[in-house]
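1. any chance you can model this:
(2 chains)
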Number of protein chains: 2
Amino acid sequence: MTAETYDVIVIGAGPTGENVADRAVRGGLSAVIVESELVGGECSYWACMPSKALLRPAGVVAEAAAVRGVTGARLEAAEALKRRDSFTHGWKDDGQVSWLESAKIDLVRGHGRLAGERTVVAGDMTLTARHAVCVATGTGAIVPPALAGVQAWTSREATSAREVPARLAVVGGGVVGCEMAAAWSALGSRVTLVSRGGLLDRLPAFAGEAVASGLRDAGVDVRLGVNVSDATRAAGVVTLTLDDGTSVSCDEVLSAVGRYPKTGDLGLSTVGLKDGSWLPVDDTLRVTDVPGGWLYAAGDANHLALLTHMGKYQARICGDAIAARASGREPEVRDLASATRVPQVIFTIPEVAAVGVTAAQAAAAGLRARVVEYKIGDVAGASLFADGYQGRAQMVVDEDRSVIVGMTLAGPGVGEMIHAATIAVAGEVPLRSLWHAVPAYPTMSELWLRLLETYGL
Amino acid sequence: MTAETYDVIVIGAGPTGENVADRAVRGGLSAVIVESELVGGECSYWACMPSKALLRPAGVVAEAAAVRGVTGARLEAAEALKRRDSFTHGWKDDGQVSWLESAKIDLVRGHGRLAGERTVVAGDMTLTARHAVCVATGTGAIVPPALAGVQAWTSREATSAREVPARLAVVGGGVVGCEMAAAWSALGSRVTLVSRGGLLDRLPAFAGEAVASGLRDAGVDVRLGVNVSDATRAAGVVTLTLDDGTSVSCDEVLSAVGRYPKTGDLGLSTVGLKDGSWLPVDDTLRVTDVPGGWLYAAGDANHLALLTHMGKYQARICGDAIAARASGREPEVRDLASATRVPQVIFTIPEVAAVGVTAAQAAAAGLRARVVEYKIGDVAGASLFADGYQGRAQMVVDEDRSVIVGMTLAGPGVGEMIHAATIAVAGEVPLRSLWHAVPAYPTMSELWLRLLETYGL
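-> Here you go, the predicted model:
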């Protein structure tokens, strides 16, 4: 056994873990990351980066097809897959390892497990933390029992597959299911999407409806309100039996029904926590109910918001908090965003983007909320962006404070528009000030003027 | 002579005039607009709409060309011109006239001239205003003496031409010159752009450099620091003599050197003002130094910010102010944006977008400003948007108030990104709050995180 002592030990070298360690080091501490797979994590190799590398070609082809005067744009699947490979660096983490070195963060390759207070064992290494251990192990894809025996794809295979299956079934109507149905359909698969509910059910209904419409326009067979009751694979062909009495034959099936925390084999029970559980945290990302306050959890594993950017945001706060406490101060910056100010962009065709709370969530939270909707296609900039632009916006206003608490956008090109709303929500900018934030004409952002006019300004 | 009396008379039926009248009517007043040309104005027929209708096809072709996995996108000039024609409704204003009717705004077709206090004459009509007259006549294109004899295009011909000239010379390096060089180059003209300075000289240098580089990549001959000393047209061919001793032969030449106020034949002298002058206004758009305070000027004619969206913004404030004063109240909402919070998007390839003050303007205003720059291509979302993304961002922070007072972006797709900055600037959102406005990964908006990190948060 080798023993090492660091100020901070981070388990998991995804973007969240990297940022926790980086902020701690910038705060004057020593830090080590323990990682059993690739440095860079799910986001870099099997999620955000490869999925968006695949979706962008499909997206720009769709954009080109919507503008009179442009012709001939088409997607070449083999080249799009190569593009994806370049963004994942061929699933090699040399670049990320170099970054760790430049950031003065040590790396231990191996499976890290807690072994009592401030102690992590990885292989033959025993690591002791002077100040803190942070769990940043993220999540894995749930494969439901019905799909257990058919070698189902998860998000990993869906983002890293090297061949385009002739027929792909996607089970699940969340972000992964919708994005991967869009991507593989564009790449040439005949895609069937099966969801037990609708699509993107956490968002206002128009968002999922826009995505369903886009998928159907692309030739995807979208089946909603249906469960998979059984699945078999024979001679390479998967047959899904659905509970509406129909079936689906396909060459691959993607399980996209949800995520579980990668905390099952983490030694949580050695510190009084339950193996496999999500880790509830306070607004400094410190795990609640752990004596001594030395255990933190940032990113997916705390279940606050399963998104790379929120993990990184939490990581900055967490790393700073650890450094502050190590020097005897309480942290100044707290997590103000993970509960009710979470932005998300879904890179389907059309795109969906949202931040903050929906009308339903506002009502559930007891806010006196007013909802304003507008057809984005009625904005001059949108009509210029795409002929016959179809899209919708929903703004949720907290009437008592006269600030926007939520925005949902669905339509081509809305992905870069949501940050304006995120600033309005996080900055609690009063509507009377937003009136002086003039959108440039003729951009799609003139939507803001229309929403405020519709509100009554 | 016919005589009519209205609460408000607006001269000029562009977007600014329409909005002044609309807000006044919504405020309970009667209103008439006097217009000698098309209702809808410059923006609808000879500026924003046709120019962007032409530029969007070129833009999306460029975007498609920058994504590996996409091939074949090309622009068809004839179709792009038809697209432009559909956005200008074939230069017919029936739709706009119908809108005036629906908004309960009367229309007098003819050239409106002031004839003393609260009086406007148009043809055989004498109109009297109970409360206010608003000048919203906008601007026209300056044609310098050197180009006076060669039937030079102005912005009007450049946005409405029905044929693609084989060779086009563009004189002027401002927004019109840059945008029209980009558009006609994409449509097939061999374009030479001549500027006595650089390009987009009011913005930080990197903006104009990005546009120059984009134009050169598209095959435009960009000649900077050069004046046109003479021009002749013979047998259809225009020859420009430049003061560096070279010359340019072309089939059409666009004069894009600036704008003059359309106030020369407006009867200003009948109310004690100077014919042909810009009209200085206060923060309710009321012309200063006119006894009785009945004369307003909104949009280009007041010289505050020559942009459609700023004209419309001023119009809303102006119309509301007129209505407020008509009922004996002082207006609550003042123009807070036209001086230092003006956004602008330039739809070149790549795009440029800016809001607020530049570093130079901040210094001139005596602000303790700090400038932060970032290469947009280093943002993951930008690298996904376009392979080899080139772009730059500059953020200007007022250190005394810890708020952003300016942002300039240059790069593909930045046009819809600027409104986030506009909200931050107009809302005076403190940097410490912007830190909690988390950009969604992997969008280009993650630029915000990088700028704040570079600042030191």
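2. doesn't A:Arg370 belong to a strand?
-> Yes - checked against DSSP: H, G, I helix; E, B strand; the rest coil, A:Arg370 lies within a strand.
3. hang on, it packs against A:Glu399?
-> Yes - contact status for A:Arg370 versus A:Glu399: in contact at 5.2 Å, counting by C-beta atoms under 8 Å. (C-beta placed from N, C-alpha, C; glycine too.)
4. neighbour count: those two, which is higher?
-> Using other C-beta atoms under 10 Å in any protein chain shown as the criterion, A:Arg370 and A:Glu399 rank with A:Arg370 on top: 15 against 11.
5. for that one, give me its contacts.
-> Neighbour list for A:Arg370: A:396-397, A:399, A:455 [criterion: C-beta atoms under 8 Å, 6 or more residues apart in numbering or on different chains].
6. how near is it to B:Thr408?
-> Note on A:Arg370: its distance to B:Thr408, by C-beta to C-beta, to the nearest Å, is 35 Å.
7. try A:Tyr313
-> Using C-beta to C-beta, one gets 26 Å for the distance from A:Tyr313 to B:Thr408.
8. neighbour count for those two, which is higher?
-> A:Tyr313 (30 against 27).
9. so what's A:Arg223 closest to, chain neighbours aside?
-> Of all residues not flanking A:Arg223 in the chain, A:Val194 sits nearest, at 5.0 Å (C-beta to C-beta, 6 or more residues apart in numbering or on different chains).
10. residues near the one you found, how many?
-> A:Val194 is flanked by 26 other residues according to other C-beta under 10 Å.
11. name the residue of the stretch 151-300 of chain A that lies nearest to chain B.
-> Residue of the stretch 151-300 of chain A nearest chain B, by C-beta to the nearest C-beta: A:Leu187 (9.1 Å).
12. number of nearby residues for that residue?
-> Neighbours of A:Leu187 (other C-beta under 10 Å): 25.
13. list the contacts for it?
-> A:Leu187 is in contact with A:54, A:58, A:75, A:77, A:80-81, A:164, counting by C-beta under 8 Å, 6+ apart.
14. can you give me phi and psi for the residue sitting nearest the centre point of chain A?
-> What sits nearest the mean C-alpha location of chain A, by C-alpha atoms, centre = their mean, is A:Leu307, with 3.3 Å. With angles defined as degrees, to the nearest 10, A:Leu307 sits at phi -140, psi 140.
15. which non-adjacent residue is nearest it?
-> According to C-beta to C-beta, 6+ apart, the nearest residue to A:Leu307 is A:Gln344 (6.0 Å).
16. wait, does stretch A:330-343 contact chain B?
-> Yes - using C-beta under 8 Å from any C-beta of the partner chain, we find that stretch A:330-343 touches chain B at A:333, A:336-337, A:341-343.
17. would you mark the buried spots in that stretch?
-> Along stretch A:330-343, these residues count as buried under the neighbour rule (16 or more other C-beta atoms under 10 Å in any protein chain shown): A:331, A:333, A:335-338, A:341-343.
18. now stretch A:241-253
-> A:241-242, A:248, A:250-253.
19. just those residues now: which is nearest B:Ala146?
-> For those, the closest approach to B:Ala146 (C-beta to C-beta) belongs to A:Glu252, at 67.9 Å.
20. what's the pLDDT at the closest one?
-> A:Glu252 is assigned 98 on the pLDDT scale.
21. which ones are touching the residue nearest to it when sequence neighbours are not counted?
-> Nearest residue to A:Glu252, sequence neighbours excluded (C-beta to C-beta, 6+ apart): A:Pro165, at 4.3 Å. Each residue near A:Pro165 by C-beta under 8 Å, 6+ apart is listed here: A:184, A:189, A:250-252.
22. same check on A:Gly219?
-> A:Gly219 is in contact with A:185, A:190-191, counting by C-beta under 8 Å, 6+ apart.
23. repeat that with 7 Å
-> A:Ser185 (C-beta atoms under 7 Å, 6 or more residues apart in numbering or on different chains).
24. again with A:Leu449
-> Applying C-beta under 7 Å, 6+ apart to A:Leu449 gives the contacts A:Pro439.
25. I'd assumed it was in a helix, is it?
-> Yes - judged by three-state DSSP, A:Leu449 forms part of a helix.
26. about what we covered before: just the buried residues of stretch A:241-253 now: which is nearest A:Ala115?
-> A:Val253 (38.9 Å).
27. the closest one bridge partners, please.
-> A:Ala169 (DSSP bridges).
28. that one touches A:Val171, doesn't it?
-> Yes - with contact defined as C-beta atoms under 7 Å, A:Val253 counts as touching A:Val171 (6.4 Å).
29. pretty sure A:Ala24 is touching A:Ala31, no?
-> Yes - applying C-beta under 7 Å as the test, A:Ala24 and A:Ala31 come out as touching, 4.8 Å apart.
30. I'd like the average pLDDT over stretch A:360-371.
-> Computed over stretch A:360-371, the average pLDDT equals 96.
31. and stretch A:90-105, by the same measure?
-> For stretch A:90-105, the mean per-residue pLDDT is 97.
32. please apply the same query to stretch A:36-54.
-> Mean predicted confidence for stretch A:36-54 is 97.
33. what's that stretch in contact with?
-> Against stretch A:36-54 from outside (C-beta under 7 Å, 6+ apart): A:12-15, A:80, A:83-84, A:87-88, A:91, A:93, A:96-97, A:100, A:107, A:110-111, A:138, A:155-156, A:159-160, A:179, A:183, A:187, A:308, A:347, B:380, B:384, B:441-442.
34. any chance of a ChimeraX selection covering the buried ones in those?
-> Burial among the contacts of stretch A:36-54 is assessed by 16+ other C-beta under 10 Å; the matching ChimeraX selection reads:
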select /A:12,13,14,15,80,83,84,87,88,93,96,97,100,107,138,155,159,160,179,183,187,308,347 /B:380,384,441,442
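35. please flag which of the contacts of stretch A:36-54 sit within helices.
-> Per DSSP state H, helices hold the following members of the contacts of stretch A:36-54: A:15, A:80, A:83-84, A:87, A:96-97, A:100, A:155-156, A:159-160, A:179, A:183, A:187, A:308, B:380, B:384.
36. so which residues of the stretch 101-250 of chain A form helices?
-> When assigned using DSSP state H, counting those that start in this stretch, the helices of the stretch 101-250 of chain A occupy the ranges A:155-160, A:175-187, A:205-217.
37. A:Ala234: which of these is closest?
-> helix A:155-160 (19.6 Å).
38. thank you, goodbye.
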